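Q: how would this look folded up:
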Amino acid sequence: MNFIQNMDIYLLDFIHKSIANDFLDKIMIFITSIGNLGLIWIAISVLLLISKKYRRVGMLCIATLILSSLIGEVVLKNLVQRGRPFTAIEGINLLVKAPKSFSFPSGHTASSFAVATVIGRKIKSFKLPIYILAFAIAFSRLYLYVHYPSDVLVGALIGIISANIILYIYNKQNF
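A: Numbering: from 1, shown residues only. Modelled structure (predicted):
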C-alpha cells in the first residue's frame, strides 16, 4: 500500500509542478464544480428522459448513476476510509471547499464515467464530447488535490463497470 500511496503523491506533485497556474486554477475549480453531487450527470439524464428518442438512454443513465453511487459512495468509501490528499501532503493551498467524505474512490469520476459509458455506447455522436467532459472532471479532482490518482482510476473503473452491468441487464431483458 505504501508503494501506491507514494506513486499517488509523486503523480499529484508532478501534475501540480508541471502545469499549475492561476488561469488553470480557475478552469479546474469550475470543471470540478459542475461535477458536484453528480448534478451535471443528473441534468443530462433528465434531458435524455424528456426526449422521446433518448428516453431509454436517460433511464439507463439514472440506473447506472444509482449503481455506481451505491458501490462507490455507500460501500467502498466507508469500507476503505482513505483520507484526502490535502490532509496528508503538507503545504497544499486548497482551492475548493474541503470535501468531508473519504477519498477512495472518486465519486465525481465514478458518476462521470458511468454516464459517459452509457451515452458513448448508445448515442455515438455524443461519445467524444461526453468522454472529454468525464476526463476533465476526473482530472480536475487530481489538479485540485482532493483525490489521489488511484481514487480517480478506481472511480472510473466503477463507473465503466456499473454502466456495463446496467447495459448487460438492459440488453438481456430485450426492452
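Q: and residue 58, what does it touch?
A: Neighbouring residues of residue 58 by C-beta atoms under 8 Å, 6 or more residues apart in numbering: 45, 46, 47, 48, 49, 50, 51. Using the backbone N, CA and C atoms, a C-beta is placed for each residue, glycine as well.
Q: residues of the helix or strand containing residue 59 that come out buried?
A: Applying DSSP states H and E as the criterion places residue 59 in helix 55-69. Counting neighbours by 16 or more other C-beta atoms under 10 Å, one finds that the buried residues in helix 55-69 are 57, 58, 59, 60, 61, 62, 63, 64, 65, 67, 68, 69.
Q: where exactly do the helices run in this structure?
A: Per DSSP state H, the chain carries helices over the ranges 2-19, 22-34, 39-50, 55-69, 77-80, 85-88, 107-122, 127-143, 149-173.
Q: make a markdown table out of these and add mean pLDDT and distance to residue 94.
A: Output for these, formatted as a markdown table (pLDDT from 0 to 100; distance: least, C-beta to C-beta, whole Å):
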| stretch | mean pLDDT | distance to residue 94 |
| --- | --- | --- |
| helix 2-19 | 91 | 12 |
| helix 22-34 | 96 | 11 |
| helix 39-50 | 96 | 21 |
| helix 55-69 | 97 | 24 |
| helix 77-80 | 96 | 19 |
| helix 85-88 | 90 | 5 |
| helix 107-122 | 97 | 16 |
| helix 127-143 | 97 | 12 |
| helix 149-173 | 97 | 16 |
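Q: any idea which of those helices is most buried?
A: When the helices of the chain are scored by mean count of other C-beta atoms under 10 Å, the highest mean neighbour count falls to helix 107-122 (a mean of 28).
Q: quick one: that one to chain centroid distance?
A: 8 Å (C-alpha atoms, centre = their mean, to the nearest Å).
Q: next: stretch 37-50.
A: Computed by C-alpha atoms, centre = their mean, the chain-centroid distance of stretch 37-50 equals 14 Å.
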